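Q: coords please:
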Amino acid sequence: MAETDTGWDFVLVGGGSAGCALANRLSADPSTSVLVLEAGHSDFKVDPFIHMPAALPFPIGSRFYDWRYESEPEPYMGGRKIFHARGKVLGGSSSINGMIFQRGNPLDYERWAADPGMQTWDYLHCLPYFKKMETCLAGADAWRGGDGPLVLERGPAQNPLFAAFFEAVQEAGYPLTNDVNGYRQEGFARFDRNVHRGRRLSAARAYLHPVMHRKNLSVETLAHVTRVTFDGSRAVGVDYLRGGRLRRHAKAAEVILCGGAINTPQLLQLSGIGDADHLRQIGVPFVQHTPGVGENLQDHLEVYIQYASKQPVSIAPGLRWRNRPKIALDWLFFRKGLGATNHFEGGGFCRSNDEVDYPNLMFHFLPVAIRYDGSAPTEGHGYQVHVGPMYSDVRGSVRITTRDPKAHPALRFNYLSTPNDRREWVEAVRVARHILTQPAFAPFNDGELSPGPGVATDEEILAWVAADAETALHPSCTARMGVDDLAVTDPTSLRVHGVDGLRVVDASVMPYVTNGNIYAPVIMVAEKAADLILGSTPLPPADVPYYRYRDGTPLEPPTLAAAHESRGTP
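A: Numbering: from 1, shown residues only. Purely as a prediction, here's the structure:
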């Protein structure tokens, strides 16, 4: 559909997770014109390994799929720069991530809703949108959806090392749960994943490609937006580079930024929205003083706790180069075998201490000892957990350092910078070791590979974390919703405070990072935002119980009416 004289109704900047979901929902009305501008390639014009679940190390770090960000030197990590992969392709990071589907804990959204103006972002208001977006193959119920675009399968977790892991967590004193995305997150279970019929089911495949035929929807790839244009304080369009050189402009009744927690604050600042003093120093023409833009950056850091296996039961042989052609052929022609799994088939959530109100640690278990880049600490068999605190109280920032839109912004995460963060890191490593040395692992445990028995004291653990930890790739919260002076977006509309015609819908609007991988919460935000943008009647809040715990006793939540009355929610 060609642009009309008055422009597009909606221009979406970013064809990632949120952008794909929004494009689907906003273009459902044939009278509404939608343009999606994605800086990367189409996901269907690249090699097939982007769709092969087990091949996730290939797109991560590739200049064809990945923005390849890097933090500034982290002062509490020995000055290390931490690599950050972000998807630069249709589907965004959902096209290169580990395909783990985690909603977060229900109490995450109670924390959101406790902030002023955030009443309708509590769990009971968000749950209907989680259900709307998914088809849970394990079965729809009061907590899970059955007819949404995202088809979720549960990892089979059939390797004997998974059985040992689930037995070990119970021996260590932690429960199992039926569904970490259902009534009770706390505990350990097989994980949901964005894999369907042996292929990665990215947001592009789930939301965008099924509706690309719509005449009112247009998608441009290799379209790098360089700034939002304004008429006074109203956004009226965007400038962008096509193929890196050709300069173009798109007029819009509304511009919606969907670039994620790094791209979105960068573009806001390049467009004159941010801290006034910072923008003046860079020489950016000033539009609106919004000092919270790029602040409040949050993420999850993680480490690998790795053990050697006495028994030859890990999947290590299948990952050797000489065996990879057969894996590729089995996947390419039959969609089966090691190529058809993301390997993150099970894990769970627990508490590192008795003071937290709900789980603050997440575990991913793998029946192999290997890093994301494919390097391994041993030629033999092994297994590992990925573990890290979910609610670090450190805060960072995203700030441009130049007016050049092609230059990466400065990323400062400040990992390990607070006493509580350092305390929880020591607890996380000790809990992981406690689980992996239970009797259930006795037939397999051939010694700790990483960090190794030489890392024992609190100081040694923290030094190892500082030297070895990697990001779990969950940057968020840099254009957070709220009504205070540092909030960037309005919770009732996702509009950017102080200007008209401009909204943000992506991970940057979260006020606090959720407990788990953030893909599912981002899609939920996009589903809910679509109703807010279109003025549709919001889905009615759910009225279901969810697991809470205090002083060793499970508690049911208050009734729906009481919960809403306490917050003043209609």
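Q: Give me the below-cutoff pLDDT ranges for the stretch 351-500 of the chain.
A: Along the stretch 351-500 of the chain, the model assigns pLDDT under 70 to residues 372-374, 376-377.
Q: cool, the stretch 201-350 of the chain as well?
A: In the stretch 201-350 of the chain (pLDDT under 70), no residue qualifies.
Q: how about the helices of the stretch 1-150 of the chain, start to end?
A: Using DSSP state H, counting those that start in this stretch, the helices of the stretch 1-150 of the chain run over residues 17-26, 106-113, 123-133.
Q: In the first one, which residues are buried?
A: Read it as helix 17-26. For helix 17-26, the neighbour count (16 or more other C-beta atoms under 10 Å) marks 17-26 as buried. Every residue, glycine included, has its C-beta placed from N, CA and C.
Q: can you redo those residues as TSV with pLDDT?
A: Shown next, in TSV, are the buried residues of helix 17-26 (pLDDT from 0 to 100):
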residue	pLDDT
Ser17	98
Ala18	98
Gly19	98
Cys20	98
Ala21	98
Leu22	98
Ala23	98
Asn24	98
Arg25	98
Leu26	98
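Q: Tell me the spacing between Asp354 and Ile435.
A: Distance of Asp354 to Ile435, given as C-beta to C-beta, to the nearest Å: 17 Å.
Q: my bad, should have said Asn342
A: Between Asn342 and Ile435 the distance is 22 Å, computed by C-beta to C-beta.
Q: For the two, indicate the residue with more neighbours.
A: Counted by other C-beta atoms under 10 Å, Asn342 and Ile435 do not tie: Ile435 has more neighbours, with 26 against 21.
Q: The longest strand along the chain - which strands sit beside it in the sheet, and in what orientation?
A: Ordering each strand of the chain by length in residues (DSSP state E) puts strand 246-257 first. Within its sheet, strand 246-257 is paired with strand 8-13 (parallel), strand 234-242 (antiparallel), strand 502-504 (parallel), according to DSSP bridges.
Q: C-terminal to that strand, what's the next element?
A: Going down the chain from strand 246-257, the next helix or strand is helix 260-270, by DSSP states H and E.
Q: what angle separates that following helix from helix 17-26?
A: Interaxial angle, helix 260-270 versus helix 17-26 (axes from the mean of the first three to the mean of the last three C-alpha atoms, to 10 degrees): 80 degrees.
Q: For helix 260-270, buried residues please.
A: Residues of helix 260-270 classed as buried by neighbour count (16+ other C-beta under 10 Å): 260-270.
Q: Check which helices and strands it is in contact with.
A: strand 223-231, strand 246-257, helix 276-282, strand 396-399 (3 or more C-beta pairs under 8 Å, 6 or more residues apart in numbering; DSSP states H and E).
Q: Out of those, indicate the one that is most buried.
A: Greatest average neighbour count among the helices and strands packed on helix 260-270 goes to strand 396-399 (a mean of 24), per mean count of other C-beta atoms under 10 Å.
Q: Only the buried residues of the following helix or strand past it, if you could.
A: Per DSSP H and E, the first helix or strand lying C-terminal to strand 396-399 is strand 410-412. Of all the residues in strand 410-412, those buried under the rule 16+ other C-beta under 10 Å are 411-412.
Q: C-terminal to strand 410-412, which secondary structure element comes first?
A: helix 419-436.
Q: can I get the CA coordinates of that following helix in CSV?
A: Output of helix 419-436 as CSV, limited to C-alpha atoms (Å, rounded to 0.1, in the frame of the first residue of the first chain):
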residue,chain,number,x,y,z
PRO,A,419,26.1,-4.9,48.3
ASN,A,420,22.8,-6.7,47.7
ASP,A,421,23.7,-7.7,44.2
ARG,A,422,27.1,-9.1,45.3
ARG,A,423,25.4,-10.9,48.2
GLU,A,424,22.9,-12.6,45.9
TRP,A,425,25.6,-13.6,43.5
VAL,A,426,27.4,-15.5,46.2
GLU,A,427,24.1,-17.1,47.2
ALA,A,428,23.3,-18.1,43.6
VAL,A,429,26.6,-19.9,43.1
ARG,A,430,26.2,-21.7,46.4
VAL,A,431,22.6,-22.8,45.7
ALA,A,432,23.7,-24.1,42.3
ARG,A,433,26.5,-26.1,43.8
HIS,A,434,24.2,-27.4,46.5
ILE,A,435,21.8,-28.8,43.9
LEU,A,436,24.5,-30.2,41.6
